[in-house]
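K.L.:
pasting the sequence and the predicted model now:
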Amino acid sequence: MKILIADDHDLIVDALKSAISQKYKGGTIKSAKNKSELDFLLNQGEFDLLILDIKFGQDNAQNFIKQIKKSHPKLKTMMLSSLDDKYTIQFFLNAGVEGYIIKSDSIVDILNGVGKILSGETYYSELVENKLEQEENNIVLTPREKEVLGVILEEKSTKEIAEQLHISEKTVEMHRSNLFLKLEVKNLAGLVKKSILLNLLED
C-alpha cells in the first residue's frame, strides 16, 4: 500500500501519517507540500491513494485534478478539505475522485475512507452526503444557452456575443437572464464561477 498526502499543514500530515500507519501497517506514506513536489512524487512511481487538499501552498487542485486523473488512471483520490460547499464537492465528484471528506470530520471518517477507497469503493463523509442531498434539481441548459454561456466565458461583450452567434443583442440579454435564473446567481462573476464548478459545458 502506497499513499501520498498532498497538504501543506504539517500537523495534519503528521496526524494522518500516524493514524494511517497504526491502522494499516506495512504501507508507505509520503507527502507533498506543493504542486511541484506532488508532480515529482507521482512521476517517481505508482501510488495506490492520493489524499489531496484542494488549496495547498499557492496551488488549487481545481486547476489540475482532471490532469492527474488522466495521467494516473489507476490512482485513487480522496479529497480532504475545509471547503464544504456543494458546488466545490460536485466539481471534484464530476472530475472522478473516489472520496471527499471535510477536515472537520473525525479521524475515524478519514480512516474509513482510506479503507473503502483502497478496496475499490467510493466514500463520502456524512457531512458531504448531506450537502449532496441538498443539491437542487439538475441544471439543464438548452443548446443555445450553452452557446451563449461558452462565449460569455470568453469574456465577450453583449455585442460581440450577438455578432458571433448571429442573434440580436436583446436575445443575448434574454439568454443571459435565463442563465442567471437557472444558476441562481446575480452577476457575471457568479455565473462564470458556478458554471465552471458544475462543468456545465462538458459533454
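P.N.:
Happy to help now that I have it.
K.L.:
which SSE is the residue nearest the centre of the chain in?
P.N.:
Closest to where the C-alpha atoms of the chain average out (CA atoms, centre = their mean) is Phe92, at 2.6 Å. Taking DSSP states H and E as the criterion, Phe92 maps to helix 86-94.
K.L.:
what comes into contact with whichever helix or strand comes after that helix?
P.N.:
Downstream of helix 86-94, the first helix or strand assigned by DSSP H and E is strand 99-102. For strand 99-102, the surrounding residues in contact (CB atoms under 8 Å, 6 or more residues apart in numbering) are 76-82, 84, 89, 92-93, 109-110, 113, 116-117, 122-125, 127-128. Backbone N, C-alpha and C define where each C-beta goes, glycine included.
K.L.:
residue farthest from the centroid of the protein?
P.N.:
Distance from the C-alpha centroid of the chain, by CA atoms, centre = their mean, peaks at Ser168 (36.0 Å).
K.L.:
that residue touches Ala162, doesn't it?
P.N.:
Yes. Under the criterion of CB atoms under 8 Å, Ser168 makes contact with Ala162 at 6.0 Å.
K.L.:
what stretches of the protein score poorly on pLDDT?
P.N.:
Residue ranges of the chain with pLDDT under 70: 134-138, 202-203.
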